[in-house]
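Asks: Below are the sequence and a predicted model; questions follow.
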Amino acid sequence: MSNEEVFQTMRDLVAEQFAKEADEVSMETSFEEDLGADSVDLVELVMAMEEAFDVGEIQEDDLSELKTVGDAVRYIAAKLNR
Amino acid sequence: MKIIVDAMGGDNAPIEIVKGALAAHRAYGTEIVLVGRAAQVLGAVEGCGEKTLPAGVQIKDASEVVEIADDPATAFKKKKDSSLTVGLNMLKEGLGDGFVSAGSTGALLAGATLVVKRIRGVRRAALCPQIPVLGGKAVLCDAGANAECTPEYLLQFAFLGSLYAQKVMGMERPRVGLLNIGAESEKGDALRHEAYAVLEEAGRGGRLHFIGNIEASDAMLGGADVIVADGFTGNVMLKALEGTAKLMSKELKGLFLSGTKTKLAALLMKNQMAEFKQMMDPGEVGGTPFLGITKPVIKAHGGSDARAIQNAVRRAAEFAASGFIADVEANVALMQMDMAEKI
């Protein structure tokens, strides 16, 4: 999966979860600042990511590093390309 | 109508859960799926006097059970073959119209939120029991799902409670009150002040019938149909109510048994006392819905007996048939903070 494809899937997941239009979500979108995400939102997003990308379980420690959509895209791309 | 029942959750599982579910099937014709360890569930069915599974009742095997000691936030995920997780997944996949569990409230909330999922636009699901008040019932929203809340959550609880009161409890124009330590608009903490402002805006915009702050004592005297609270405060109120009901029941019993005249009086008032007991008994309501989840999820009290489970299944069926969830989905745009701010 290319980074662009990962982004498109991630964008759709984020838009769905936070009730946004797809074009409101970019690589720079911050989960906390732009989307008002809290811990429950992030856990839910991670579960959706695990399902959509089939990358196994995402560890909680890794979660704290994912501040933006771009961080999540790069994280998933790295997991997929291993 | 098919209701999925967690046969292993609760203090009296599986026998009382199975007994109550079978009673609901007989009384209301509801199809039932009992989820749990098949051998134990079948044993419980036989314990109810049924030689075979009645038509319209199925068993879905699930080898694990979420225990009280399990971490509620992760139990549903770590025990993928638990009656709780299997049941919630069945609900998500459309294999039933509602799900009832008397097991861990925290695990059920986490599982419902993360497996069945919240309605798009709803920030938090709320636990919303019907409570007895003077003149009938009110819905308390939230009674324990969310200890820490934002004004947006309280605004959404108000809408969820109001729609529930209309669709399920049959109220035409439910009065929505914000639970507070005083009736005046300046009373309470920062959360209450901010929530009051957004609820008042929603009321002015005709989206809610907001009546202002309400004290717990006035709420019990029928001052509001929907009592909006953060989960911590709501849970304190709910447990105070349960404890007060038990206190009154014990004290009244003591009074009536205190002498010959009072015993005679008790005999003369037997029917009325039964009605009073029924009004105060949470088992009569049976179950509490999580409002804001995409499908009906009902929490039955942990100590539920068969009668309470029968009523919980009835509540789940009523909730599923009410159109509440479709109503929330159609009106979720009205529940957003930025909508309130725009008015």
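Replies: On my side now, so go ahead.

Asks: Nearest to chain B within chain A, name that residue for me.
Replies: For chain A, the residue closest to chain B is A:A19, as judged by Cβ to the nearest Cβ, at 4.4 Å. All C-beta atoms are positioned from the backbone trio N, CA, C, and that covers glycine.

Asks: number of nearby residues for that residue?
Replies: Around A:A19 there are 17 other residues, counting by other Cβ atoms under 10 Å in any protein chain shown.

Asks: Can you pull out the residues in contact with the least confident helix or strand in chain A by mean pLDDT?
Replies: None of the helices or strands of chain A scores lower by mean pLDDT, DSSP states H and E than helix A:60-63, at a mean of 77. Residues from elsewhere that reach helix A:60-63, judged by Cβ atoms under 8 Å, 6 or more residues apart in numbering or on different chains: A:42-43, A:46, A:75.

Asks: I'd like the next helix or strand past it.
Replies: Where DSSP states H and E defines the elements, the next helix or strand beyond helix A:60-63 is helix A:69-80.

Asks: now that following helix, how far from the chain's geometric center?
Replies: 8 Å (Cα atoms, centre = their mean, to the nearest Å).

Asks: Can you list the buried residues in that helix?
Replies: Residues of helix A:69-80 classed as buried: A:69-70, A:72-77, A:79 (neighbour count, 16 or more other Cβ atoms under 10 Å in any protein chain shown).

Asks: how about those in a markdown table, adding pLDDT?
Replies: A markdown table is the format used below for the buried residues of helix A:69-80 (pLDDT from 0 to 100):
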| residue | pLDDT |
| --- | --- |
| A:V69 | 93 |
| A:G70 | 93 |
| A:A72 | 92 |
| A:V73 | 92 |
| A:R74 | 92 |
| A:Y75 | 90 |
| A:I76 | 90 |
| A:A77 | 90 |
| A:K79 | 86 |
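
Asks: And the residue of chain B that's closest to chain A?
Replies: Of all residues in chain B, B:G121 sits closest to chain A, at 4.4 Å by Cβ to the nearest Cβ.

Asks: can you tell me which residues contact that residue?
Replies: Contact analysis of B:G121 by Cβ under 8 Å, 6+ apart lists A:19, B:332-333, B:335-336.

Asks: ditto for B:P289
Replies: Contact analysis of B:P289 by Cβ under 8 Å, 6+ apart lists B:127-128, B:164, B:296-299, B:315, B:319.

Asks: switch the cut-off to 7 Å
Replies: Going by Cβ atoms under 7 Å, 6 or more residues apart in numbering or on different chains, B:P289 touches B:128, B:296-298, B:319.

Asks: Please list the residues of chain A that sit near chain B.
Replies: Listed as neighbours of chain B in chain A under the rule Cβ under 7 Å from any Cβ of the partner chain: A:19, A:40, A:43-44, A:47.

Asks: all helices of chain A, in order?
Replies: Here chain A has its helices, by DSSP state H, at A:3-17, A:39-53, A:60-63, A:69-80.

Asks: So what's the gap between the shortest one and the chain middle?
Replies: Think helix A:60-63. Worked out by Cα atoms, centre = their mean, helix A:60-63 lies 13 Å from the chain centre.

Asks: For that helix, list the C-alpha coordinates in PDB.
Replies: Provided in PDB are the C-alpha atoms of helix A:60-63 (Å, rounded to 0.1, in the frame of the first residue of the first chain):
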ATOM      1  CA  GLU A  60      -0.500   1.700  23.800                       C
ATOM      2  CA  ASP A  61       3.000   3.100  24.100                       C
ATOM      3  CA  ASP A  62       3.100   3.800  20.300                       C
ATOM      4  CA  LEU A  63      -0.200   5.600  20.600                       C
END
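
Asks: Specify which member of the contacts of B:P289 is nearest to B:D218.
Replies: Proximity of the contacts of B:P289 to B:D218 (Cβ to Cβ) peaks at B:C128, which lies at 19.4 Å.

Asks: B:S82: what's it in contact with?
Replies: Contacts of B:S82 (Cβ under 7 Å, 6+ apart): B:62, B:64-66.

Asks: and it, what are its bridge partners?
Replies: Per DSSP bridges, the residues bridged to B:S82 are B:E64.

Asks: And it, how close does it get to B:L127?
Replies: Per Cβ to Cβ, to the nearest Å, B:S82 is found 20 Å from B:L127.

Asks: sorry, back to before: mind checking the helices of chain A for the one nearest to B:G135?
Replies: Nearest of the helices of chain A (Cβ to Cβ): helix A:39-53, 36.4 Å.

Asks: quick one: the helices in the stretch 51-200 of chain B?
Replies: Assigned by DSSP state H, counting those that start in this stretch, the stretch 51-200 of chain B shows helices spanning B:75-78, B:83-92, B:105-111, B:151-167, B:190-204.

Asks: partners of the helix or strand following the last one in the sheet?
Replies: Sequence-wise, the next helix or strand downstream of helix B:190-204 (DSSP H and E) is strand B:210-214. In the sheet containing strand B:210-214, its partner strands are strand B:176-179 (parallel), by DSSP bridges.

Asks: Enumerate every residue touching the most centrally placed residue in chain A.
Replies: Closest to where the C-alpha atoms of chain A average out (Cα atoms, centre = their mean) is A:A72, at 4.4 Å. Counting by Cβ under 7 Å, 6+ apart, A:A72 touches A:10, A:49, A:66.

Asks: Try it again at 6 Å.
Replies: Counting by Cβ atoms under 6 Å, 6 or more residues apart in numbering or on different chains, A:A72 touches A:10, A:66.

Asks: ok, the nearest residue to A:S30 once chain neighbours are set aside - how many residues close by?
Replies: Once flanking residues are discounted, A:S30 sits nearest to A:T68: 5.2 Å by Cβ to Cβ, 6 or more residues apart in numbering or on different chains. Taking other Cβ under 10 Å as the criterion, the count of residues near A:T68 is 18.

Asks: Same question for B:K80.
Replies: Residues near B:K80, counting by other Cβ under 10 Å: 12.

Asks: go on, B:G47?
Replies: So B:G47, with other Cβ under 10 Å, has 12 neighbours.

Asks: hmm, back to that, can you tell which of the helices of chain A is closest to B:A308?
Replies: helix A:39-53 (29.1 Å).

Asks: now what about the closest one, what contacts it?
Replies: A:9, A:13, A:17, A:58, A:76, B:114.

Asks: ok, the residue lying closest to the second one once chain neighbours are set aside - how many residues close by?
Replies: Put plainly, it is A:L13. Residue nearest to A:L13 in three dimensions, not counting chain neighbours: A:A48, with 4.9 Å by Cβ to Cβ, 6+ apart. Number of residues near A:A48 (other Cβ under 10 Å) recorded here: 19.
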